[in-house]
Every structure is written in C-alpha cells, then in structure tokens.
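Asks: okay, sequence plus prediction incoming.
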There are 2 protein chains.
Amino acid sequence: MSSQHRLSATSYIVLALIEGAGEATPYDLKQAVAATLGNFWSVPHAQVYAEPERLAAAGYLSERREKEGRRRRHYRMTEAGRLALCDWLAEPTAEMAQLRDPGILKLFFGGDPKALAEAQLSLHRGRLAEYEQLAEQIEGHVSAGFMLALRAGIGHEREWVRFWAAVEKGETP
Amino acid sequence: MSSQHRLSATSYIVLALIEGAGEATPYDLKQAVAATLGNFWSVPHAQVYAEPERLAAAGYLSERREKEGRRRRHYRMTEAGRLALCDWLAEPTAEMAQLRDPGILKLFFGGDPKALAEAQLSLHRGRLAEYEQLAEQIEGHVSAGFMLALRAGIGHEREWVRFWAAVEKGETP
DNA sequence: GTCCGAATGGTCTGCTTCGGACGGTGTGAG
DNA sequence: CTCACACCGTCCGAAGCAGACCATTCGGAC
C-alpha cells in the first residue's frame, strides 16, 4: 500500500508526535512542536500542515476529516506508520549535524574576532541561562529523551561560551 | 544599480571566495568550498552554479563568458559586491545555529540511548581525530579564520564525545 | 441577545533549497 | 585514433520555507 516515499526528519517528527497523542490535528502538532522540541529543531508551520497529508497519501497515517465547521483533519497511525517509526527509532543514525553557525562563517572569512565574540557571547550566555532555567523547572516532569536533548543543548551552549570567551581574550580557543 | 535582493549565507560565501580568488568560475568555487569550509558548512553544487548568476544579475559580480568550448563563466567582484561583503563582515551577527542533530532527535523521541550513543561516539571520535590531525597539518599555513573555525569544530566534537560517552555510561550528561 | 476581538484552525502563493541525473568537452594513456 | 576518465555545466522535480490571508469559534462587554 505504501510506496517508498523518502521520509525526512520532519516526517518522523510528525509520526512520533501522533504516536504519542493517539490522534492529532495539524494544529495539535504545531502546539506540540512549539512546546517541546521547538527549542532546538524548528519546523515551519506550513510543513506541519503539509507533512501529514503526504504521510497519509503514503499510507503511514489515516485521515479523518470533519465534514463541517472547521473541517479539521484528524490523523492516526496506521500499522505501516508505526512500523516505519519503530524502524527509524531502532536504527542508530549515521548522520551528524553540521556546525553551520553564521558567526563562525564570518570568522572564517575574516570578520573581526573581538566584535563577533562580544555579540555571540551575550547571545549564547542568554540562551544558556534559558536552558538551565528550563532544565530546573521541568526536571522530573518530562520524558527522559526531552531531558537528554536539553542537556545536549546546554552542553553545546557552554562550549560556545567557552569558545567565544577565548576568542574575545585573544587566546587560542 | 544593484537592487536589494536578499543576500543569503550562500551569497556571502560566494562573494568571499571570489574576493579571495580575484576571478573564479563556479567550478573553482565548488573546489574551494570542498577544500575549506565544506567541513562544517555544505553548499550543494547546484547552488554554487546558480548563486553567482543571481549575484551578477543584482550587480554584485561581473560575468565574462567563454564563447566557445566549455563556455565557462568567469566572475569578478564589482564595487557593489565588495561593499556588500565588507558590510556583512563588519556587522556581528545576531543569528545562532540550531542544534538539529538527528541523533538527538531520536533520543528525544525515545530511541535507545545506549545504542545511539555507541554509534554516535564512534562517528564523533572519528571526526574529532580528523579535525585534530588537520589542525596539526595546516597550522601556520592558513588564515586565522580557518584555524578558528576548525578549533570551533574541534570544541564541538569534543563536547559531542563527552555527551555521548556520558549517555553510554548511563550518567547524567 | 449581539457584537467585537482574540484565539483557533487552515490554506495559498511564490519563492529558494537541494539532490541527483544527465549531457557535453578536453586530454592523456595505450 | 579512440576510449576512458576527469572536468564542467545544466536541468528537473520534490521539498523547504516565510508570511500573508481566510474562516470559524468563543468569551465577554454592552
């Protein structure tokens, strides 16, 4: 039934969220994304509406549409969807994130290290503080995965702060 | 002369590389990208051919096209281009990179921490080793910016190794 | 009750990005 | 000469994306 449409990270995000919710409308997904993984992985809302449609067409979701009023679309997992999600979760990924930081790009091409460092430092210190506060608040109230992802974010923000602080002082980072 | 086409990161990469080379064909750019910043910032080659065209249309580059044979296009900076590049380099950026790591995504959604950690560890250790070796080899032979970018990469790979090692051992990272 | 505005829920447009397939051109080894 | 291979470039379709815009519902002010 389901053709082998390439599933992207966005696809799996949608599948995983629907699996967790049982049934969900695109709007629910939008909320869920904003509340949880929006911190470290943005998904533009146009995608959140488009993706379930594709997944339904490919047989990974079933769609039920309200006939009247808001004509919401409600999605549920199919067996194929559950299978695809499990496969994805089970297989440890070989992909790695790229750095792709605009500040580093400017540094690379000869931007002024001190000026960049100053700006980036305040940004990263700010985000680090947010993350640490969030971690305190939610500790114990959320999934282990959420906590681990947050700690990864914290670790990287700390690294950014360390790096830019060294650059600011003219040291070798 | 030049309309205010929004310039993307890719645009500035192209401008900066051409500024460094004096004159370059898209192919030269492709090579340059692969040799230098390809490590931490991928630019699909279709972009590398399309972007100079846009930049030339907007007045940031001048184009000279071979009449025969391979019909290569050669690009040079215009004053407008040099100006745009300088502006960009001078202004410290307020953007920040997102994490967007596939491994973290799986972790977030309940993938097996141990299995993920094992796979990611070997990947990141490998890349870390590459970077460190590269740093030794090129130290003193490349621009300060290149070196700093590389050190940023090394720092983040170390952080990844630290993080996943903790996850593997079941510790709080 | 009814009217207004905010929150909710969804669609559309017009880009840019991206990977990959594919098609020409030159060149040196045999 | 010619074939293989590196060099160089174009094209296409699918997906990503921002942001404007439209429609429904609901809760209070009057």
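Replies: That came in fine, so what should we check first? This structure is a prediction, so every number in the text was calculated from the model and none was measured.
Asks: only C-alpha atoms from now on, for both contacts and neighbour counts.
Replies: OK.
Asks: in chain A, which residue sits closest to DNA strand D?
Replies: Scanning chain A for the residue nearest DNA strand D gives residue A:69, at 3.3 Å (criterion: Cα to the nearest atom of the strand).
Asks: for burial, what's the neighbour tally of that residue?
Replies: 6 (other Cα atoms under 10 Å in any protein chain shown).
Asks: which of the three states applies to it?
Replies: coil (DSSP: H, G, I helix; E, B strand; the rest coil).
Asks: contacting residues around it?
Replies: Under the criterion of Cα atoms under 8 Å, 6 or more residues apart in numbering or on different chains, residue A:69 has no neighbours.
Asks: distance check, it against residue A:143.
Replies: 35 Å (Cα to Cα, to the nearest Å).
Asks: residue A:80 too?
Replies: In terms of Cα to Cα, residue A:80 sits 25 Å off from residue A:143.
Asks: quick one, helices of chain A?
Replies: A:9-21, A:26-35, A:45-57, A:79-90, A:102-108, A:113-138, A:144-168 (DSSP state H).
Asks: pick the most buried one from these.
Replies: helix A:102-108 (a mean of 23; mean count of other Cα atoms under 10 Å in any protein chain shown).
Asks: which residues of chain A score low on pLDDT?
Replies: Scanning chain A for pLDDT under 70 picks out the ranges A:1-5.
Asks: that one against DNA strand C: which residues are in contact?
Replies: A:25-28, A:46, A:49, A:70-73 (Cα under 7 Å from any atom of the strand).
Asks: mind checking how far the residue nearest the centre of chain A is from residue A:149?
Replies: Among the residues of chain A, the one closest to the centroid is residue A:41, at 2.4 Å (Cα atoms, centre = their mean). Applying Cα to Cα, the value for residue A:41 to residue A:149 is 11 Å.
Asks: same check, this time on residue A:30
Replies: Counting by Cα to Cα - residue A:30 and residue A:149 are separated by 19 Å.
Asks: would you mind listing what in chain A touches DNA strand D?
Replies: So chain A meets DNA strand D at A:5-6, A:8-10, A:43-47, A:51, A:68-70 (Cα under 7 Å from any atom of the strand).
Asks: mind listing what the closest residue in space to residue A:160 that isn't next to it in sequence touches?
Replies: Excluding the flanking residues, the one nearest residue A:160 by Cα to Cα, 6 or more residues apart in numbering or on different chains is residue A:124, at 6.7 Å. By Cα under 8 Å, 6+ apart, the residues touching residue A:124 are A:157, A:160-161.
Asks: repeat for residue A:106
Replies: residue B:89.
Asks: distance of it relative to residue A:90?
Replies: 38 Å.
Asks: now residue A:101
Replies: From residue A:101 over to residue A:90 (counting by Cα to Cα), the distance is 30 Å.
Asks: what about the residue of chain A found nearest DNA strand C, neighbour count?
Replies: Of all residues in chain A, residue A:72 sits closest to DNA strand C, at 2.5 Å by Cα to the nearest atom of the strand. Using other Cα under 10 Å, residue A:72 has 15 other residues around it.
Asks: ok, it touching residue A:65?
Replies: Yes - the criterion here is Cα atoms under 8 Å, and residue A:72 meets it with residue A:65 at 5.8 Å.
Asks: any residues in contact with both of these two?
Replies: With Cα under 8 Å, 6+ apart, residue A:72 and residue A:65 have no common neighbours.
Asks: mind listing residues that contact stretch A:26-33?
Replies: Against stretch A:26-33 from outside (Cα under 8 Å, 6+ apart): A:14, A:17-18, A:43, A:45, A:48-49, A:52, A:73-74.
Asks: how about a cut-off of 7 Å?
Replies: A:17, A:45, A:48-49 (Cα atoms under 7 Å, 6 or more residues apart in numbering or on different chains).
Asks: so what's the residue count around the nearest residue to residue A:19 once chain neighbours are set aside?
Replies: Closest residue to residue A:19 apart from its sequence neighbours, by Cα to Cα, 6+ apart: residue A:77 at 6.5 Å. Residue A:77: 25 surrounding residues under other Cα under 10 Å.
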